[in-house]
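predicted coordinates and the sequence they were generated for:
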Amino acid sequence: GQAIVEFVLILPILLTLVLGSIDAGWLLYAKISTAAAAREAARAVSVLDSVEYADARLIANGKLTSVPGNLQPVRVIPETYSEGAQVTVTVTTFVSPLVGFLPTSIIPNLATIESQVSMRLE
């Protein structure tokens with residue numbers, strides 16, 4: 001009987017640690033995926049010529065297959081091609097926790113994850 005009482009007292013703490021670790025890992029995976037997608041999109045956009053650059057946003061969006069969550073349209077700055085200039089690609093996604101066990105003060109219901117990469121236009 002004593003073991004059951006001790007288990008019941010420890011169970012909430014154990015569940016919080018395990019399920020919180022799962023949510024933290026999920027959000028870390030989303031952040032890493034977003035950063036990798038932004039880097040890949042920036043590289044793809046930086047090698048475009050002046051004619052292809054008009055479709056830079058479409059090309060960048062095509063590189064974002066591994067990003068989880070509600071992906072927003074990619075921002076590519078500057079709007080016009082200028083060889084040697086810096087191009088900045090911003091990828092934003094909204095990710096919900098996988099388990100949702102922890103209170104929203106620790107992990108929000110909808111986390112905004114943004115990654116920004118700059119490269120020189122070749």
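In hand now; what should we look at? Residues are numbered from 1 along each chain as shown.

what segments of the protein are helices?
2-46, 56-62 (DSSP state H).

any idea which residue is closest to the centre of the chain?
Nearest to the geometric centre of the chain sits residue 34, at 3.3 Å (C-alpha atoms, centre = their mean).

so what's it closest to, chain neighbours aside?
Using C-beta to C-beta, 6 or more residues apart in numbering and skipping the chain neighbours, the partner closest in space to residue 34 is residue 115 (4.5 Å). Every residue, glycine included, has its C-beta placed from N, CA and C.

for the one you found, give me its contacts.
With contact set as C-beta atoms under 8 Å, 6 or more residues apart in numbering, residue 115 has these partners: 31, 34, 35, 37, 38, 39, 90, 91.

contacting residues for the second one?
Meaning residue 34. Residue 34 neighbours (C-beta under 8 Å, 6+ apart): 67, 91, 92, 93, 113, 114, 115.

these two touch, right, residue 91 and residue 40?
No. In this structure residue 91 lies outside contact range of residue 40 using C-beta atoms under 8 Å: 9.6 Å.

neighbour count for these two, which is higher?
Legend: neighbour count by other C-beta atoms under 10 Å for residue 91 and residue 40, higher for residue 91 (29 against 19).

so residue 114 sits right up against residue 94, yeah?
No. Using C-beta under 8 Å, residue 114 is not in contact with residue 94; the gap is 9.9 Å.

now the contacts of residue 115 in a markdown table, with distance to residue 103?
As requested, those are exported to a markdown table (distance: C-beta to C-beta, whole Å):
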| residue | distance to residue 103 |
| --- | --- |
| 31 | 21 |
| 34 | 24 |
| 35 | 27 |
| 37 | 30 |
| 38 | 30 |
| 39 | 33 |
| 90 | 30 |
| 91 | 28 |
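
ok, which pair from those is furthest apart?
Using C-beta to C-beta, these reach their maximum pairwise distance at 31 and 90, which is 14.2 Å.

and those two? Which one has more around it.
Shown here are residue 31 and residue 90; by other C-beta under 10 Å, residue 90 has more neighbours (19 against 16).
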